[in-house]
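Chemist: Fold the following, please.
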Amino acid sequence: MYPTGHYGVALLFAVPFVVLLGRKSGTVFTTFVLFVALLPDLDLHIPGVIHHGVTHTFLFAVVGGLAVSAITAAVFLVYVALTGPPRSSRLTTRRVFVWATTGAFLGIASHVVADVLVLLPGREPVSPFWPVFRRKIRIEAVPLGAPVRNLVMLALGLGTHALVFYYE
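Modeler: Sure thing, here's the model as predicted:
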């Protein structure tokens, strides 16, 4: 799947959280999910790492989510040290960590699910449950290979968010 399609799937994964968090917080959360949605494709730029290998698993979603959230919490701590306490007493390091873990896991997991459902021609199938199950899964539920079809997925994600914002 192309990045536009991955962004569309990540938007769809974030919709329930937008409903729970509301417009303002939901928008920030969705932006964070989109920011990490392409993280599994870092394997394309790391020598010796196979594309659709370890970075395209739910284990990577958990480990990557924890790593991204640790970095996010550290940035938050530095920010608080430089600027003083946040305006809201509800904004704590623990909440930032949980929020970032959820968002990063969701973004990475959406990428894995998208690559299971839609596989570009010539690409290796994904083994999302590795190391528990090594079997590669290829569902190909949606025939998305062309850029136009990926744009349709992005439009579906954006349209769903527009509906949530309209009816909230």
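Chemist: Next up, the contacts around the spatially most central residue of the chain.
Modeler: Centroid-nearest residue in the chain: Gly107, 0.8 Å away (criterion: CA atoms, centre = their mean). Shown here is Gly107, whose contacts under the criterion CB atoms under 8 Å, 6 or more residues apart in numbering are Ala10, Phe13, Phe32, Val33, Leu34, Phe35, Val36, Ala37, Leu39. For glycine as for every other residue, the C-beta is placed from the backbone atoms N, C-alpha and C.
Chemist: repeat that for 10 Å
Modeler: 6-7, 9-10, 13-14, 30, 32-40, 61, 64-65, 68 (CB atoms under 10 Å, 6 or more residues apart in numbering).
Chemist: do the same with Thr27
Modeler: Ala14, Val18, Leu21, His161, Phe165.
Chemist: which of the contacts of Gly107 are buried?
Modeler: 6-7, 9-10, 13-14, 30, 32-34, 36-40, 61, 64-65, 68 (16 or more other CB atoms under 10 Å).
Chemist: quick revisit: can you tell me which of the contacts of Gly107 end up in helices?
Modeler: 6-7, 9-10, 13-14, 30, 32-36, 61, 64-65, 68 (DSSP state H).
Chemist: export the helix or strand bottoming out on mean pLDDT in the chain as CSV, just CAs?
Modeler: In the chain, the helix or strand scored least confidently by mean pLDDT, DSSP states H and E is helix 147-167, which has a mean of 90. Taking C-alpha atoms only, helix 147-167 is exported to CSV below (Å, rounded to 0.1, in the frame of the first residue of the first chain):
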residue,chain,number,x,y,z
PRO,A,147,-2.5,5.5,-6.5
VAL,A,148,-6.2,6.4,-7.2
ARG,A,149,-7.4,3.6,-5.1
ASN,A,150,-5.1,4.6,-2.3
LEU,A,151,-6.5,8.1,-2.5
VAL,A,152,-10.0,6.6,-2.1
MET,A,153,-8.8,5.0,1.1
LEU,A,154,-7.5,8.4,2.3
ALA,A,155,-10.8,10.1,1.3
LEU,A,156,-12.7,7.4,3.3
GLY,A,157,-10.6,8.2,6.4
LEU,A,158,-11.0,11.9,6.0
GLY,A,159,-14.7,11.6,5.3
THR,A,160,-15.2,9.5,8.4
HIS,A,161,-13.5,12.2,10.5
ALA,A,162,-15.5,14.9,8.9
LEU,A,163,-18.7,13.0,9.8
VAL,A,164,-17.5,12.6,13.4
PHE,A,165,-16.7,16.4,13.6
TYR,A,166,-20.0,17.3,12.0
TYR,A,167,-22.2,15.2,14.4
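Chemist: That's all I had, so thanks and see you.
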